[in-house]
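Visitor: Based on what follows, work out the 3D shape:
(2 chains)
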Amino acid sequence: MKQSQLFTKTQKDAPKDEPSINAQLLIRAGYIDKLMAGVYTILPLGLRVMKKIENIIREEMNIIGGQEIFMPTLQPKENWMKTGRWKTMDDLYKVKDGSDREMALGPTHEEIVVPLAQKYINSYRDFPFYAYQFQNKFRMELRSKSGILRGREFIMKDLYSFHLTEEDLDAYYEKATKAYENIFHRTGIGEKTYRTFASGGSFSKYSHEYQAVTPAGEDLIHICNKCELAVNEEIKNETEVCPNCKGNDFRKEKAIEVGNIFKLNNKFTVPFGFKIKNERGEEREVLMGCYGIGLGRLMGTIVEIFHDEKGIIWPESVAPFKIHLISLGKNKEAEEIYNLLRKNNIEVLFDDREATAGQKFADADLLGIPYRAVVSEKSLQAGGVEIKKRNEKESEIIKIEKLVERLKKEV
RNA sequence: CGGGGUGUUGUGUAAUGGUAGCGCGCUUGGUUUGGGACCAAGUAGUCAGAGUUCGAGUCUCUGCACCCCGACCA
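Guide: From the prediction side, this is the model:
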């Protein structure tokens, strides 16, 4: 894509009411735009990142048997009355239509997916069953904060699993754990992300949170210095020693909850009377697990972890483009290289604007695309294009013919 | 939801109760072209409403919005 066509622009100054690094950089670079507290428009660059993240998650969900669906945002009050959450969930958005009929804007989708499964899954032979979606969630946060880390409307991947036995649920839970590890690894934050023990509430002994360690975190996790097991604050308060190795030496870290997996057991299937006869004709309760990841929060977390004073430094797997091609001065080679890269399916942002070198470099650093290639009189005289990684200082000149090969090699 | 703070052009900021000014951006013209370049001319604003006052960006009240601390966050 040509940068001259991109309708978003970069900004030198961050908005004064946006103190969090993730939102400052994403707004300055033109990835997102703030509409109101906790509600953001995702702009072309940001959407490219979100789609990269989404696809990584999708691949991993498909591997563990998830079937992708898309459930509605607008949800009948009746379903929420059945589970009792119409009254108990404080952050539920309630809306009325013209005839005063009340509905909810979905903050999560158990109330929809359970009746859905109940309708279609009516034999033990249909089990287990896994469905997931990427969907907008609405939560009436009393206080949105931390940029895009805590929004009122946000895109979330939620997977729901249905089982007839506890063993089956447990086994799938472990599978989901693997998938989550893959997702965080592939999006670049794997080394910083811990699976922590968290309270499971009334219906499950434990749940797990995926906590990415960064100073911008809202949560506090305790990591065992002996075995690296992590527990969240509330669990730590319940126990003195590490549940795994019995060690008592912990370090405290601030972290962002980027994912959450939960054994719901029968909490939501009971209110809907979802039962299934097993092969011996005995009625069995259906058990559930749910598995969530907030995409915007993940994008924000990546920015919090990968940036410097100049801007964002995207991991290649989620970068909006692989290479930022910068043309300095007048030359025809830049356009040719742009076409060459596109022909080879290399995602390229071509800075063809009439701007000074300083502006283009500053923007490139701010945008944080993994590779920067400069084409100028100087580079051409030196033998080709100057290529530099965003996270490295040194640049090198390589021949134009070698550029594609080089970029394909370094995946 | 409790407490605190802040609202001035697209954005960042200045202005004893007395002519709303500056940087960036944007527009026009020119000079530039390897780290946000320069010159000139433009562009656009006091959150909304009420009150006090000869006079309100500034004081008072109400509303709205945003930010921070806390609470909350299956």
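
Visitor: mind exporting stretch A:270-285 as CSV, just the C-alpha atoms?
Guide: Written as CSV, here are the backbone C-alpha positions of stretch A:270-285 (Å, rounded to 0.1, in the frame of the first residue of the first chain):
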residue,chain,number,x,y,z
VAL,A,270,-28.3,-26.3,34.4
PRO,A,271,-30.4,-23.1,34.1
PHE,A,272,-31.3,-24.1,30.5
GLY,A,273,-31.9,-27.7,31.5
PHE,A,274,-29.3,-28.9,29.0
LYS,A,275,-29.1,-32.7,29.7
ILE,A,276,-28.2,-35.6,27.4
LYS,A,277,-28.8,-39.3,27.7
ASN,A,278,-25.6,-41.3,27.6
GLU,A,279,-25.1,-44.7,25.8
ARG,A,280,-26.8,-46.5,28.7
GLY,A,281,-29.8,-44.2,28.5
GLU,A,282,-28.9,-42.4,31.7
GLU,A,283,-29.4,-38.6,31.8
ARG,A,284,-26.2,-36.7,32.2
GLU,A,285,-25.5,-33.0,32.9
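
Visitor: from the middle of its chain, how far away would that stretch be?
Guide: Stretch A:270-285 sits 35 Å away from the centroid of its parent chain (CA atoms, centre = their mean, to the nearest Å).

Visitor: count of neighbours near whichever residue of the stretch 301-411 of chain A sits closest to RNA strand B?
Guide: Proximity of the stretch 301-411 of chain A to RNA strand B (CB to the nearest atom of the strand) peaks at A:Gly358, 2.5 Å away. In this view, the C-beta of every residue, glycine as well, is placed from N, C-alpha and C. Burial of A:Gly358 is recorded as 8 neighbouring residues (other CB atoms under 10 Å).

Visitor: what's the helix or strand for it?
Guide: helix A:357-367 (DSSP states H and E).

Visitor: Return the distance of that helix from the chain's centre.
Guide: 26 Å.

Visitor: Quick check: next helix or strand after the helix or strand harbouring A:Lys157?
Guide: A:Lys157 belongs to strand A:153-163 when assigned by DSSP H and E. Sequence-wise, the next helix or strand downstream of strand A:153-163 (DSSP H and E) is helix A:166-186.

Visitor: what angle sits between the helix or strand harbouring A:Glu386 and helix A:357-367?
Guide: In this assignment (DSSP H and E), A:Glu386 forms part of strand A:385-389. Comparing the axes of strand A:385-389 and helix A:357-367 via axes from the mean of the first three to the mean of the last three CA atoms, to 10 degrees yields an angle of 40 degrees.

Visitor: Tell me which strands strand A:385-389 pairs with, and in which orientation.
Guide: Counting by DSSP bridges, the strands paired with strand A:385-389 are strand A:371-375 (antiparallel), strand A:395-398 (antiparallel).

Visitor: For that strand, buried residues please.
Guide: Across strand A:385-389, burial judged by 16 or more other CB atoms under 10 Å covers A:385-388.

Visitor: ok, back up a step: quick check: which helices or strands does the helix holding A:Gly358 pack against?
Guide: Contacts defined by 3 or more CB pairs under 8 Å, 6 or more residues apart in numbering; DSSP states H and E place helix A:357-367 against helix A:21-29, strand A:311-312, strand A:323-327, strand A:348-351.

Visitor: got the residue ranges for the strands in the stretch 1-150 of chain A?
Guide: A:32-36, A:39-42, A:67-68, A:74-76, A:93-96, A:102-105, A:129-138 (DSSP state E, counting those that start in this stretch).

Visitor: Can you check which of those strands gets nearest to RNA strand B?
Guide: Per CB to the nearest atom of the strand, nearest to RNA strand B of those: strand A:32-36, 3.2 Å.

Visitor: Direction included, what does the closest one pair up with?
Guide: strand A:39-42 (antiparallel).

Visitor: wouldn't A:Cys235 be in contact with A:Ser207 here?
Guide: Actually, residue A:235 is Ile rather than Cys. No: between A:Ile235 and A:Ser207 there is no contact under CB atoms under 8 Å: 10.2 Å.

Visitor: overlap in contacts of the two?
Guide: A:198-199 (CB atoms under 8 Å, 6 or more residues apart in numbering).

Visitor: more neighbours, these two?
Guide: Just comparing A:Ile235 and A:Ser207: by other CB under 10 Å the higher neighbour count belongs to A:Ser207, 21 against 17.

Visitor: Check which helix or strand the more buried one maps to.
Guide: Using DSSP H and E, A:Ser207 falls in strand A:206-213.

Visitor: roughly how far is that strand from the heart of the chain?
Guide: Centre to centre, stretch against its chain (CA atoms, centre = their mean), the figure for strand A:206-213 is 14 Å.

Visitor: Tell me which helix or strand comes right after that strand.
Guide: Toward the C-terminus from strand A:206-213 - assigned by DSSP H and E - lies strand A:219-224.

Visitor: for the helix or strand just after that next one, which positions count as buried?
Guide: Under the assignment DSSP H and E, the closest C-terminal helix or strand after strand A:219-224 is strand A:230-232. Neighbour-count burial for strand A:230-232, counted by 16+ other CB under 10 Å, picks out A:230-232.

Visitor: Since that was my last question, I'll sign off now.
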